[in-house]
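>>> Could you look at this predicted model? Sequence included:
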Amino acid sequence: MQPNYKKFLPHLVVFVLFIVAALAYFNPVLQGKKIFQSDIVQYSGMAKQQNDFRKATGEETYWTDAAFGGMPTYQLGAKYPNNYIKQLDLAIRFLPRPADYLFLYLIGMYILLLVLKVDYKLAFLGALAFGFSTYLIIILGVGHNAKAHAIAYMPFVLSGIFLTFRGKYLWGFLLLTVSMALELVANHFQMTYYLMLLAVIIGIVYLIDAFKKKLLPHYFKAVGIMVVGVLVALGLNATNILATKEYADTSTRGKTELTINADGTPKDNKTGLDFDYITEYSYGKLESFNLFIPRFMGGGSSELFPEDSKTVENLIRSQISSDEGNQILSYVNMYWGEQPIVAAPAYIGAIIIFLSILALFLIRGRLKWWVVSAFVLTLLLSWGKNFSGLTEFFIDYVPFYDKFRAVSSIQVIIELILPVLAVVGLHQFFNKFEREKEKKKALIWSSGLVIGITVIFYLFKSSLFSFSTETDRLVAEHFKLPYSFIESLREDRMSLMSEDTLRSLIFIVLTAGTLWLFIKGKLKKSFAIAVLSILILFDLVGIDRRYVNSEEKKDNGMKQWVTERELEQPFTENGADIQILKDEGHYRVYDATTNAFNSGRASYYHNALGGYHAAKPGRMQDLFEFYISKGNIGILNMMNVRYIITQTKNGGPVAQRNPYANGDAWFVENVIPEENANEEIQLLYSLDTKKTAIVNKEFLSKIPNQKIERDSTATIELFSYQPNKLVYETSTKSPQLAIFSEVYYPMGWNAYINGKPAEYFRADYTLRAMVIPTGNNKIEFKFEPKVIQTGSTISLVSTIVFLLILLSGLYFAFRKKEVKE
């Protein structure tokens, strides 16, 4: 039988249309421009040293000295041997960034809907609804590339799951294995974890259904095949997973040995992040309505005031000067929700919300129940501290939930499943699965419900909602503004909500009208789908472009698109940088002009004691909270901070040389043994680290007789330096205890004395220490992480296993097909 290639033509056309849509939305990439992503700019600073090292040597360093005094590069774009799945990922993402991620959104949802046996035209509609969902576009604008990357592969993973449950074991296994491996390549374990929660919900619903239908053997066979697929996918990503796990245990995401906070209060000494940090970004209950009405809560934190702003008029009437007026407006904004910062509302689309509710009247069976269950659970979890009972339960009892912050981001699951529900509902509506009477009833009820709520919001908003925040009152009191100032802010916020409420209402009416005309036979199915697709595009793209568009600058004046050259050097070199870079020695720099532990700028030019990372080195973060943030110069000294960047009176940065920095390494005269981490860190407060070292009792056995005789003639100097290799030369008349101003990280750093392996240990809470023998010696520290070798071996074996399964499966599938023919 000759294959029918014509059946692939519509999918090829859709494929091309997705490419066109992605490039059209991010059209500046066609001019060679790059989107200016704030998070990626910070990442560029953090990753510059390792990128320069790779370019100069052709090798990976796996360690950077440019951030937090030193840390592994595992979460900074490190490249691993035998990482073939990464090569596949790069091949799939062939478009310029960020158009590549948008294309992945579109094609992934399209494939998922086809797997769910939806007509390709409706699958195209659903892909547009998912791909242009506002949150998914916004994260590309701010640089959450890893998050976008992981979200983009979610539909592929679900496709593999559903194929396997349907009995398409071979194709389900292959798709699930590859897509899960690609999901893990994205390296955003929080998004993958949320996908796992969704998979568990789907698994439970399918288990109940299999039990009712007496199909448990098939169910467990499918689950077994999927488990094997996930294990192979894990193996393909073994290096990254093992390395990340190793580092995470020592980071702020791991367990701390401290039982006190910097202020002396008791610390919850457990694995994972604390409740306040996890729930800092918690969605407000009312704020959830911005899934339906974009500026229900005023939009984003940088939302512009209305053109006829009552707030501006109030300030003018109050005879506030222009400078003071701008200062006041910088303290208040249109967003009146509870989150610290919001780039934009997570708008799913009024049309998709309406179609999802319509679908609930039409769909029966498993899909309805796993979508509803996932929607309710993820919505409640996104409320975080605003629904604390459930959140605390998950933090305390659900494995790994306490490893992730910003619980509001779990709403990505809602962004994923509602387009699926809406499109499957349309599939039911446009086909003859239901009687016309039932379709009319469903349309009338869903239209009445959604339109009714929308009208109530529009008419009674001032009575239902406050439209004010505590910040409004504090600003008014500080600047001695009249109460009318707060009222004018409320009016502006109500104006924005009214505008978008009316907008959503219009799209709902147009959508309901289109479906009604179809029922009445006035519109053909294809034309109705085309109309709905256009409406969805206008709805979503209209909101998306408020926040991410093709303009060179955003409405607030910030850069949005830049040349490649500008992106290669995202931080402008200033006078302090020029001054410091004249010193070619090995030292560290602390930038006191900003929050050094939340900025990658200094890391771009220098070996910085600071940086920008979601999982900071745990002990360095402890030192920051206890001492560095409070201006304790002693900690800077022991970390060899030779330069401190400060602000001059006229606002320009200047580098101040610190004459008290301890240097690269030094010999100490005294050792203070301590029982625990609390005592170690507390003693650092006024310790002369140049003369005395604090050593935990677990390492005392490494010091002969636990005593050091002072040798005033002893010397130690750094002979050569690379991020992953340091060589020192020493000369002593008796054994001496050397302290190195390098972060203690035994999972990879190996020490050698005259070429032979040597022991070293931790001192002063976070530094390396070693007993140096008598005479002239060469001391080497080399970063040789075993986890890279172990992981790359597992990846290679997993690749071979997968290829063998693939070839065997294809062989038997074609043999079976030949037998049937």
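Okay, I see it. Keep in mind it's a predicted model, so treat the numbers as computed, not measured.

>>> Do a quick rundown of the strands in the stretch 451-600 of the chain.
All strands of the stretch 451-600 of the chain, identified by DSSP state E, counting those that start in this stretch, fall at 561-562, 588-591.

>>> Pull up the pairing partners for the shortest one, direction included.
So the one you mean is strand 561-562. strand 34-35 (antiparallel) (DSSP bridges).

>>> circling back to that earlier point, which of the strands of the stretch 451-600 of the chain comes out lowest on mean pLDDT?
Set side by side, the strands of the stretch 451-600 of the chain give their lowest mean pLDDT on strand 561-562, at a mean of 84.

>>> Surely residue 126 is in contact with residue 116?
No - between residue 126 and residue 116 no contact is recorded; they are 9.3 Å apart, counting by Cβ atoms under 8 Å. C-beta here means a position set from N, CA and C on the backbone, and glycine is covered the same way.

>>> Tell me which of the two has more neighbours.
The neighbour comparison of residue 126 against residue 116 (other Cβ atoms under 10 Å) goes to residue 126, with 31 against 19.

>>> and the spatially most central residue of the chain, how far is that from residue 31?
Closest to where the C-alpha atoms of the chain average out (Cα atoms, centre = their mean) is residue 147, at 4.6 Å. Counting by Cβ to Cβ, to the nearest Å, the gap from residue 147 to residue 31 is 26 Å.

>>> before we move on, the earlier item: what's the overlap in contacts for residue 126 and residue 116?
residue 420 (Cβ atoms under 8 Å, 6 or more residues apart in numbering).

>>> Pick the most buried one from the strands of the stretch 451-600 of the chain.
Mean neighbours per residue, mean count of other Cβ atoms under 10 Å, is largest over the strands of the stretch 451-600 of the chain for strand 588-591, with a mean of 24.

>>> Can you name every helix or strand that that strand contacts?
Applying 3 or more Cβ pairs under 8 Å, 6 or more residues apart in numbering; DSSP states H and E, we find strand 588-591 packed against helix 601-605, strand 641-647.

>>> Counting residues, what is the longest helix that this structure contains?
Assignment by DSSP state H gives helix 483-519 as the longest helix of the chain.

>>> Next, the buried residues of it.
485-498, 500-501, 503-505, 507-508, 510-512, 514-516, 518 (16 or more other Cβ atoms under 10 Å).

>>> What of stretch 275-286?
275, 278, 279, 280, 281, 282, 283, 284, 286.

>>> and if you look at stretch 86-100?
So, applying 16+ other Cβ under 10 Å, buried residues of stretch 86-100: 86, 89, 92, 93, 95, 96, 97, 98, 99, 100.

>>> Just the closest of these to residue 5, please.
Comparing these against residue 5 with Cβ to Cβ picks out residue 92 as the nearest, at 22.8 Å.

>>> elements contacting the worst-scoring helix or strand of the chain on mean pLDDT?
When the helices and strands of the chain are scored by mean pLDDT, DSSP states H and E, helix 564-568 comes last with a mean of 76. Applying 3+ Cβ pairs under 8 Å, 6+ apart, we find helix 564-568 packed against strand 34-35.

>>> For the next helix or strand along the chain from the strand it packs on, list every residue counted as buried.
Sequence order places helix 38-57 as the next helix or strand after strand 34-35, per DSSP states H and E. Going by neighbour count (16+ other Cβ under 10 Å), the buried part of helix 38-57 is 39-50, 53-54.

>>> Just flag the most distant two among those.
Farthest pair in the buried residues of helix 38-57, by Cβ to Cβ: 39 and 53, 22.5 Å.

>>> now the residue sitting furthest away from the middle of the chain: how far from residue 667?
The outermost residue of the chain relative to its centre, with distances by Cα atoms, centre = their mean, is residue 733 at 53.2 Å. As defined by Cβ to Cβ, residue 733 lies at a distance of 12 Å from residue 667.
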